[in-house]
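Asker: predicted model and sequence follow; I will ask about them next.
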2 protein chains.
Amino acid sequence: MAVYTLIDDDSLADFLACYELGQLLSLKGIAEGVENSNYLVITERGRYILTLYEKRVDPADLPFFLGLMEHLAQRGVRCPTPVHGSDGAALRQLCGRPAALIEFLDGVSPRRWQAAQCAELGRALARLHLAGADFEMRRANALSLDGWHRVFTACRHHADSVCPGLEAELASELEALAAAWPADLPSGVIHADLFPDNVFFRGAELSGIIDFYFACNDLLAYDLAICLNAWCFEPDGAFNITKARQLFAGYQQIRPIGADELAALPLLARGAACRFLMTRLFDWRHQVEGALVKPKDPLEYLEKLRFHRHAAGPGDYGLG
Amino acid sequence: MAVYTLIDDDSLADFLACYELGQLLSLKGIAEGVENSNYLVITERGRYILTLYEKRVDPADLPFFLGLMEHLAQRGVRCPTPVHGSDGAALRQLCGRPAALIEFLDGVSPRRWQAAQCAELGRALARLHLAGADFEMRRANALSLDGWHRVFTACRHHADSVCPGLEAELASELEALAAAWPADLPSGVIHADLFPDNVFFRGAELSGIIDFYFACNDLLAYDLAICLNAWCFEPDGAFNITKARQLFAGYQQIRPIGADELAALPLLARGAACRFLMTRLFDWRHQVEGALVKPKDPLEYLEKLRFHRHAAGPGDYGLG
């Protein structure tokens, strides 16, 4: 949630001249996305999001992200689509940064959500997984096993200052995950960051999924595990079985979940909890200049990690 | 430029139910205004700015600000107008704060501006002054002579850490201003914060003035002095005589500037420079949690203050 780059008039005029959008009517920095600068652009032709990719995004990954959004949208997934300029390009430079103009998507992210919305989420996630099956580009998950070790190295030294004993707990957790992580589950394109902030609803209906900047190729069930963490715990830390059942039931309506995927759920959910615990731990210490809100509390994910470690199987989630 | 208050779904639904705007299509925190939380709200009926007034705004002043915007808009000044709910009220509570929904205004704030835009600004400012003449409510300028002394008391102790000798320079400046400040110039409703951030253009045409949350009753020529400081110096500190001439010429087209007002300009400009120097000095030290950008550099206004102190009369601005 930030606006890191301020855009000067001339650069903006040059940028917009690459498109055929009529006169610029409004430009407002918006609080959306943690990693990049985002502007709402209104022109005579419509509404757009202008994203300037800041230094935490690798420019080499941008063709994957933008191409994926376009690929998914063409297959009926409700996600923003990049606008192509008169020269055909969707990605160009603005104020020294890679930048893209993207169609504006109606909808509101829920701050509190009901079980019915988890079912909608499940259906949308399964559709995304199916639609991604024939996407030709590939991107490894930079935040899977290897990546976790790199993040751990960067954040371990202040782990105990956030929670005594956390460094040792994380070290042993990572060891356990590395030893048991499944390799043979169905894989494909995953969103990898499908938090409520990144999902829009219009009333009860899911109207869009945004922020594909962690999307990658990985285990499909890992995406479900990320959603389980992000959508099925209450603010007081309680696991909500109804929401989990709705999430999985919605998903199953579109894509059947294999018995092997379900059996791996506790482990995948531990991995997902570990990933967000560590990146939050890192962000907690390295607060970004210009960021709009405080980093999220890492300890929320420590509680989730411990919950999953004590789960014997999918039955402990009310599933299977 | 901040979003201090996050709005939960239920509170927002209750709030919007007071208006007849159709379904909510989008809600985005936007980077506009330093003091308050601002959201862009899109509904089936249109686009709005939702402002939650944070603690730096005195709720007792809100009827003045909102009433003034409505008064000016009715007289043809291009400024946002508050939306009234089905109950007739334009001001209500949201998430524990006073809040108002305001019509969205097209236009873009210039980051760099031309002399022709200063002429547009002058005309718009004069129209604002004329349109405010029959506004019945009154609000004293909390940031005039008395207010400056209060701000000075709050910021003087770290003045020298920003620039050695600044505390003494400000003390003597405030004394000089108090001794010579004019009392008998034409007065009325002034905007009092008409920086480029608060002025929208569509191409060459001024399309709107926003952010009336410093508006008050004071000397009309003091508003011109604020604009002279904000619009007629270049980023390198150089005074731009062409822009000043255009600003005043535009203003004169709509409302003649008296010889007494012009003669007082160096003093009024010193006062205006002093006011922004001190509030920036204060903000520099008391950075607001959640603010989106760094406070502005106080020293920019120290340079302007010194420039005006050496001006013998309006001729030094290329005027008169």
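Answerer: Yep, it's here.
Asker: count the neighbours of residue A:306 for me.
Answerer: By other C-beta atoms under 10 Å in any protein chain shown, 13 other residues sit near residue A:306. From N, CA and C alone the C-beta is placed, and that goes for glycine too.
Asker: thought residue A:93 was touching residue A:99?
Answerer: Yes: contact criterion C-beta atoms under 8 Å: residue A:93 and residue A:99 qualify, at 6.6 Å.
Asker: longest helix anywhere in chain A?
Answerer: The longest helix of chain A (DSSP state H) is helix A:265-285.
Asker: which SS state does residue A:201 fall under?
Answerer: Using DSSP: H, G, I helix; E, B strand; the rest coil, the secondary structure recorded for residue A:201 is strand.
Asker: bridging residues for it?
Answerer: Taking DSSP bridges as the rule, residue A:201 bridges to residue A:108, residue A:206.
Asker: what's the neighbour count on it?
Answerer: By the other C-beta under 10 Å criterion, the neighbourhood of residue A:201 contains 21 residues.
Asker: report the contact partners of it.
Answerer: Contacts for residue A:201 (C-beta atoms under 8 Å, 6 or more residues apart in numbering or on different chains) come out as A:107, A:108, A:109, A:110, A:117, A:120, A:207.
Asker: redo those as TSV? Include pLDDT.
Answerer: Shown next, in TSV, are the contacts of residue A:201 (pLDDT from 0 to 100):
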residue	pLDDT
A:107	95
A:108	94
A:109	93
A:110	92
A:117	97
A:120	98
A:207	97
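Asker: now do the SS call for the residue nearest the centre of chain A.
Answerer: Of all residues in chain A, the one closest to the mean position by C-alpha atoms, centre = their mean is residue A:193, 1.9 Å from it. Each residue gets one of three states, and residue A:193 gets coil by three-state DSSP.
Asker: now swap in residue A:40 and tell me
Answerer: Here residue A:40 is strand, with the state taken from three-state DSSP.
Asker: I figured it was touching residue A:47, is that so?
Answerer: Yes: using C-beta under 8 Å, residue A:40 is in contact with residue A:47, at 6.8 Å.
Asker: between the two, who's got more neighbours?
Answerer: Shown here are residue A:40 and residue A:47; by other C-beta under 10 Å, residue A:40 has more neighbours (21 against 18).
Asker: let me see the contact set for the more buried one.
Answerer: A:26, A:27, A:28, A:30, A:47, A:48, A:49, A:50, A:104, B:28, B:30, B:40.
Asker: beta-bridge partners for it, please?
Answerer: With DSSP bridges as the criterion, residue A:40 is bridged to residue A:28, residue A:49.
Asker: follow-up on the earlier one: where do the contact lists of residue A:40 and residue A:47 overlap?
Answerer: Common neighbours of residue A:40 and residue A:47 are listed as residue A:104 (criterion: C-beta under 8 Å, 6+ apart).
Asker: tally of neighbours for the residue of the stretch 51-200 of chain A found nearest chain B?
Answerer: In the stretch 51-200 of chain A, the residue that lies nearest chain B is residue A:106 (4.4 Å; C-beta to the nearest C-beta). Neighbour count for residue A:106, taken as other C-beta under 10 Å: 17.
Asker: for the contacts of residue A:201, which one is nearest residue B:67?
Answerer: Residue B:67 has its nearest neighbour among these in residue A:108, at 30.7 Å by C-beta to C-beta.
Asker: any idea how far residue A:49 is from the closest one?
Answerer: Residue A:108 sits at a distance of 15 Å from residue A:49 (criterion: C-beta to C-beta, to the nearest Å).
Asker: list the contacts of residue A:184.
Answerer: The contact partners of residue A:184, taken as C-beta under 8 Å, 6+ apart, are residue A:260.
Asker: that's a strand at it, yeah?
Answerer: No: going by three-state DSSP, the assignment for residue A:184 is coil, not a strand.
Asker: and it, what's its pLDDT?
Answerer: Per-residue confidence (pLDDT) for residue A:184: 93.
Asker: if we can go back for a sec, just the contacts of residue A:201 now: which is nearest residue A:216?
Answerer: Within the contacts of residue A:201, the smallest distance to residue A:216 is 22.2 Å, found for residue A:109 (C-beta to C-beta).
Asker: how far is stretch A:69-77 from where the chain is centred?
Answerer: Relative to its chain's centre, stretch A:69-77 lies at 17 Å (C-alpha atoms, centre = their mean, to the nearest Å).
Asker: what mean pLDDT does it have?
Answerer: Taken as a whole, stretch A:69-77 has an average pLDDT of 97.
Asker: outside of that stretch itself, list whatever touches it.
Answerer: Stretch A:69-77 has contacts (C-beta under 8 Å, 6+ apart) with A:79-82, A:90, A:102, A:124, A:127-128, A:131-132, A:135, A:209, A:212.
Asker: do stretch A:312-320 as well
Answerer: Contacts of stretch A:312-320 (C-beta under 8 Å, 6+ apart): A:228, A:232, A:239, A:241-242, A:244-245, A:248, A:259, A:262-263, A:265-266, A:310-311.
Asker: I'd say residue A:269 and residue A:232 touch.
Answerer: No: at 9.7 Å, residue A:269 does not count as touching residue A:232 under the criterion of C-beta under 8 Å.
Asker: list the buried residues for stretch A:12-24?
Answerer: Within stretch A:12-24, the residues scored as buried using 16 or more other C-beta atoms under 10 Å in any protein chain shown are A:12, A:15, A:16, A:18, A:19, A:21, A:24.
Asker: er, stretch A:218-238 I mean
Answerer: Across stretch A:218-238, burial judged by 16+ other C-beta under 10 Å covers A:218-233.
Asker: identify, from those residues, the entry nearest to chain B.
Answerer: Nearest to chain B, judged by C-beta to the nearest C-beta, of these is residue A:231 at 14.7 Å.
Asker: does the closest residue to that closest one other than its chain neighbours sit in a helix, a strand or a coil?
Answerer: Excluding the flanking residues, the one nearest residue A:231 by C-beta to C-beta, 6 or more residues apart in numbering or on different chains is residue A:118, at 5.4 Å. Classification of residue A:118 by three-state DSSP places it in helix.
Asker: ranges for the helices of chain A?
Answerer: Along chain A, counting by DSSP H, helices occupy A:9-16, A:62-74, A:115-131, A:145-155, A:159-162, A:166-180, A:220-231, A:241-254, A:259-263, A:265-285, A:298-309.
Asker: ok so, going back, show me the contacts for the residue of the stretch 51-200 of chain A closest to chain B.
Answerer: Neighbouring residues of residue A:106 by C-beta under 8 Å, 6+ apart: A:200, A:202, A:207, A:208, B:25, B:26, B:42.
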